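Visitor: Dropping a prediction and its sequence here:
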Amino acid sequence: MADSYSINNRHHLPKFIDMLKEVANIGAGNAATALSSLLDKKVNMRVPSVHIYTYQEVVEANGNDENVTVGGLSQVSGSLSSQLLLLMSYQNVERWIANLLQSQNEMFSSLYDHMEQSALAELMNMLTGAYASALGDFFEEPLFCSLPAISIDMSAALISDACITQSYDYDELLVIQTSMEIVEESKEELCHLLIFLDNHSLSEILKKCDG
């Protein structure tokens, strides 16, 4: 039964990717709208792409193993159970947090300081919550997203920790890749969202794809 519902099963894969693209579009749109409201600045979004990556491919997509990355890991519960891991480069997050604090007439110091950590948690919660909400809306099921656990480390370490927590196969990582741009800065910020589904949730999603 588990094998018949693998995301690499050729029968299910095209429908599954199409479904995830629809969820990604809704989630990224929600995230861009929320970010624009949070920063009080216009934010543009590129149409997201959906991939099934290996562990190494995700690391390479985030630059390389030497790049410091900010990760936000959220637990999604309800009729579907999953983890969402949002990865962004340290430099990009610094810029967004500086913009957020500036909009609140506060000075940016360091991502490791208390005020910046609070702003970072708010930002990550908003972004992961946008995707969890999109997933719930698509399946017409209420989903609940925990506050993200924030970590700053090499991307390989962040991904590895999440995989170990879920006892997840490193060769089947679901990744939504998108980029958002604060218009007045004309600089795109790349984001990767990894979705870790348990076997029951994966089965339910693929059954819906078949339906």
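Guide: Thanks, I have it. Computed from a predicted model, the values in this text were never measured in an experiment.
Visitor: From here on, just use CA atoms for contacts and neighbour counts.
Guide: Fine.
Visitor: Give me the below-cutoff pLDDT ranges for the protein.
Guide: Counting by pLDDT under 70, the chain contains low-confidence ranges at 1-12, 62-66, 165-171, 186-188, 209-211.
Visitor: Identify each of the helices in it and give its residue range.
Guide: Assigned by DSSP state H, the chain shows helices spanning 13-39, 55-61, 90-103, 114-139, 155-166, 199-210.
Visitor: Identify each buried residue in the second one, please.
Guide: Spelled out, that is helix 55-61. Using 16 or more other C-alpha atoms under 10 Å as the test for burial, helix 55-61 gives 55, 58-59.
Visitor: swap in the first one?
Guide: Using 16+ other C-alpha under 10 Å as the burial criterion, the residues of helix 13-39 that qualify are 13, 16-17, 19-21, 23-36, 38-39.
Visitor: can you check stretch 92-104 too?
Guide: Those would be 92-94, 96-101, for stretch 92-104 by 16+ other C-alpha under 10 Å.
Visitor: which one of those residues is nearest residue 196?
Guide: Nearest to residue 196, judged by C-alpha to C-alpha, of these is residue 93 at 22.9 Å.
Visitor: from what I can see that closest one touches residue 70, true?
Guide: Yes - with contact taken as C-alpha atoms under 8 Å, residue 93 and residue 70 are classed as touching, separated by 7.3 Å.
Visitor: before we move on, the earlier item: now the buried residues of stretch 92-104 in TSV, with distance to residue 181?
Guide: Output for those, formatted as TSV (distance: C-alpha to C-alpha, whole Å):
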residue	distance to residue 181
92	11
93	12
94	14
96	10
97	14
98	15
99	13
100	14
101	18
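Visitor: Which two of the residues you listed have the greatest separation?
Guide: Distance extremes for these: the farthest pair is 92 and 101 at 14.4 Å, using C-alpha to C-alpha.
Visitor: now residue 69, nearest residue through space, not along the chain?
Guide: Distances taken as C-alpha to C-alpha, 6 or more residues apart in numbering place residue 89 nearest to residue 69, at 4.6 Å, with adjacent residues excluded.
Visitor: coming back round to it: with distance to residue 78 as extra columns, can I get the helices of the chain in CSV?
Guide: Below are those laid out as CSV (distance: least, C-alpha to C-alpha, whole Å):
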stretch, distance to residue 78
helix 13-39, 17
helix 55-61, 27
helix 90-103, 30
helix 114-139, 9
helix 155-166, 17
helix 199-210, 10
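Visitor: Determine which of the ones you listed approaches residue 173 most closely.
Guide: Closest to residue 173 of the helices of the chain, according to C-alpha to C-alpha: helix 55-61, at 6.9 Å.
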